[in-house]
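J.: Mind looking at a prediction? Sequence and model below.
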Amino acid sequence: MTIKEKGYSHWDGEFLDKKFPWWPITRYGIKLTIRKKFFKLLFFMALTPSVLFLAGIYVAERMEDFQFMIREGEVPDFLKINPAYFKAYFTNEYILFMIVMILVFCGAGLISDDLKYNSLQLYFSRPISKKDYFLGKASVIVFFLFFITLLPGLVFILMKLLFAANFEFLSAYPLLPLSVISYSLLVTVFFAFYGLFLSSVNKNRRYVAILIFGLYVFSDILYGIFHGIFRNEFFALLSIKENLKQAGAFLFGQKLPHDIPWALSFLVIAGFCVLGALVLKKKIRSVEVVK
Amino acid sequence: MSVEIHDLYFSYGKIKALDGVDLSLPQGAIGLLGPNGAGKSTLLRILLGFLKPDRGEGRVLDYDIRTQQRMIRRYVGYMPEDDCLITNIDAVTFTSYLGELSGMPRQEAMKRAHEVLFYVGLEESRYRNLETYSSGMRQRLKLAQALVHDPKLIFLDEPTSGLDPQGRHEILELIMDISSKRNIQVLISSHILSDIEAVCSFVLILNKGKVADQGDLKALRQLDYSLYELKVKSEPGGFIDKLNAMECRVEVTEDGILKVYMPPGKSPQQIFHLAAEGGYQIRHFVKSQTSLEDLFAKVVGVD
């Protein structure tokens, strides 16, 4: 008997008490992002620095094979594998720029499309909460950003240990894995809030994409202008990029790029996340309620 | 009882949307009627846990509406009134995705999505992108997503809105099939009284946030008034005044027929007495069947 002839039949399966009820939202978001035009190319471009830095680790470890490249056996600073090398990877402008570009592709439509097509009520008529919805959407951003932050960072450490065939590197810098993990978490969590917050303020994903990119660039321009006029380092707090660099330098135990307390940058980042969470709480509703 | 509500209050700021609603709905297809702003959608949203009531309590399928919303949503299907979809996917992915969010295992959700899409008549277009769907197809799709997890109870909010007569007829047939043969309880909120009349056995009428009337449709039709249709030869103005004085409500149709709603305790003979006294000649007189429209007009107080 065909399905058509059978008509409606009851489902005799059992519901699962899923530990991560938000996972289907994440899976669907990832699938949809990968299908987008140019995303694969962009993602590949974002991964390029990690390949170069990995090559750097290999070269640094096999320095005797690359003597022809250096003067009088002196290892150049940029090939010294230490926390500064990791900081150079994580806080370089190209990586931060590519993170924003990935956010434009994967984050812009995450909530704005649901607002535009009234689909929030479809989600919330299912046994999922606001928290599940938020986690599902945020995990899409986290998934892609971990490929550029956490994953390369851990691979760098692993490859360094493999190339050296000993644990000297870890005993010299025991806190480095923690630095990699904490900075990756900081960047991904911040950009997850940043992307979702902006995605929830407009129903048009193109405007949201412009907002994501524009706010990042504008904050940096603002810093440039004020710093140029007043010569005050505190204006770095206006820039998303400079705050992340400041936080990165602190977490990797390096000299801070700006002569201002590192805690202020963390406060700015945390403040932005709190603001994002408040806006999201207000915007993500199963029904529009005007009180 | 599948839905039981006691003393439910909800307000949007100063506007009272639900004002002490008490109800208990039996099995079967139930029609939820009321004019705009009566509180129908608010009631559905509270039952689904979208909104928290200001006061009062209730149970849906024996789950508390305040504390067990997840369980309610697991066993209840919801077909929203608004046009809503998820972009850039086909109907199978859309339906199975929502099945998964209901807690179904992935493969079973996919299998079930095919089944319900066949059932609602979207088998040919189930791999088409949703953005290319007509409004009739979108209504069917909304019904399919409400059915995918095999709910025990479905809330249908204006299920036939925006449909042509053929599409409306087909959706109503599906709803009738679901409610009568498939043992799924259906709660339909609609402005289209004939839809409710065609599908439902029990009606709940809300007005200004209160339950104006509720009961079995057959029993409600036997209203506590009788409806007579009559035609008089001369100008009926004075005759209508006399009928009104007798506490009858009178409506005049376009073709001059007087619809006279007689309160209980009055006899049709009194109409003839009034006519004889006033010298009005009755040319046509028939006892008419009261419709849901009449009931609605009576309890809501509109013509």
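T.: Structure's in. What do you need?
J.: Quick check: A:Tyr160 vs chain B, distance?
T.: If you look again at residue A:160, you'll see it is Lys, not Tyr. Distance of A:Lys160 to chain B, computed by C-beta to the nearest C-beta, to the nearest Å: 39 Å. Every C-beta, even on glycine, is put in place using the N, C-alpha and C of the backbone.
J.: How about the contacts made by that residue?
T.: When contacts are counted by C-beta atoms under 8 Å, 6 or more residues apart in numbering or on different chains, A:Lys160 is found next to A:Ile57, A:Glu61, A:Ile81, A:Phe169.
J.: what's the following helix or strand after the longest helix seen in chain B?
T.: Scanning chain B for the longest helix, with DSSP state H as the assignment, gives helix B:165-181. Downstream of helix B:165-181, the first helix or strand assigned by DSSP states H and E is strand B:185-189.
J.: residue contacts, the nearest residue to B:His284 once chain neighbours are set aside?
T.: Computed as C-beta to C-beta, 6 or more residues apart in numbering or on different chains, the closest residue to B:His284 that is not its neighbour in sequence is B:Lys231, at 3.8 Å. Taking C-beta under 8 Å, 6+ apart as the criterion, B:Lys231 is in contact with B:Gly256, B:Ile257, B:Leu258, B:Ile282, B:Arg283, B:His284, B:Phe285.
J.: One more pass at 7 Å, please.
T.: Residues in contact with B:Lys231 (C-beta atoms under 7 Å, 6 or more residues apart in numbering or on different chains) are B:Gly256, B:Ile257, B:Leu258, B:Arg283, B:His284.
J.: mind checking which helix or strand the first one is in?
T.: When you say that, I think you mean B:Gly256. Using DSSP H and E, B:Gly256 maps to neither a helix nor a strand.
J.: One more: the last one?
T.: Assigned by DSSP H and E, B:His284 falls within strand B:282-288.
J.: Report all helices and strands that the helix or strand following that strand contacts.
T.: Downstream of strand B:282-288, the first helix or strand assigned by DSSP H and E is helix B:292-300. Here helix B:292-300 touches helix B:193-199, strand B:202-207, strand B:210-216, going by 3 or more C-beta pairs under 7 Å, 6 or more residues apart in numbering or on different chains; DSSP states H and E.
J.: what is the mean pLDDT for helix B:292-300?
T.: Per-residue pLDDT over helix B:292-300 has a mean of 70.
J.: by how many degrees do that helix and strand B:210-216 diverge?
T.: Helix B:292-300 and strand B:210-216 are oriented at 140 degrees to each other (axes from the mean of the first three to the mean of the last three C-alpha atoms, to 10 degrees).
J.: B:Glu81: how many residues sit nearby?
T.: B:Glu81: 19 surrounding residues under other C-beta atoms under 10 Å in any protein chain shown.
J.: For stretch B:35-44, buried residues please.
T.: Across stretch B:35-44, burial judged by 16 or more other C-beta atoms under 10 Å in any protein chain shown covers B:Pro35, B:Ala38, B:Gly39, B:Lys40, B:Ser41, B:Thr42, B:Leu43, B:Leu44.
J.: So the last one versus B:Ile192, what's the distance?
T.: From B:Leu44 across to B:Ile192, the span is 16 Å (C-beta to C-beta, to the nearest Å).
J.: So A:Leu198 sits against A:Val208, correct?
T.: Yes - using C-beta atoms under 7 Å, A:Leu198 is in contact with A:Val208, at 5.5 Å.
J.: what residues are shared contacts of those two?
T.: Common neighbours of A:Leu198 and A:Val208, using C-beta under 7 Å, 6+ apart, do not exist here.
J.: circling back: how is the residue nearest to B:His284 assigned, secondary-structure-wise?
T.: Under DSSP: H, G, I helix; E, B strand; the rest coil, B:Lys231 falls in the strand class.
J.: Ok, B:Leu32 next?
T.: From three-state DSSP, the assignment for B:Leu32 is strand.
J.: Flag the shaky bits of the chain, pLDDT-wise.
T.: This is for chain A. Scanning chain A for pLDDT under 70 picks out A:1-6, A:69-73, A:286-291.
J.: nope, chain B
T.: Along chain B, segments meeting pLDDT under 70 span B:1, B:221-225, B:289-291, B:298, B:300-303.
J.: what residues does it put near chain A?
T.: Chain B has residues B:12-13, B:45, B:48, B:50-51, B:70, B:73-74, B:78, B:80, B:82-88, B:97-98, B:100-105, B:108, B:112, B:114-115, B:118-119, B:123, B:145, B:150, B:177-178, B:182 near chain A, with proximity defined as C-beta under 7 Å from any C-beta of the partner chain.
J.: what's around B:Gly237, how many residues?
T.: For B:Gly237, using other C-beta under 10 Å, the count is 9.
J.: Equivalent analysis for B:Phe239, please.
T.: Neighbour count of B:Phe239, defined by other C-beta under 10 Å: 23.
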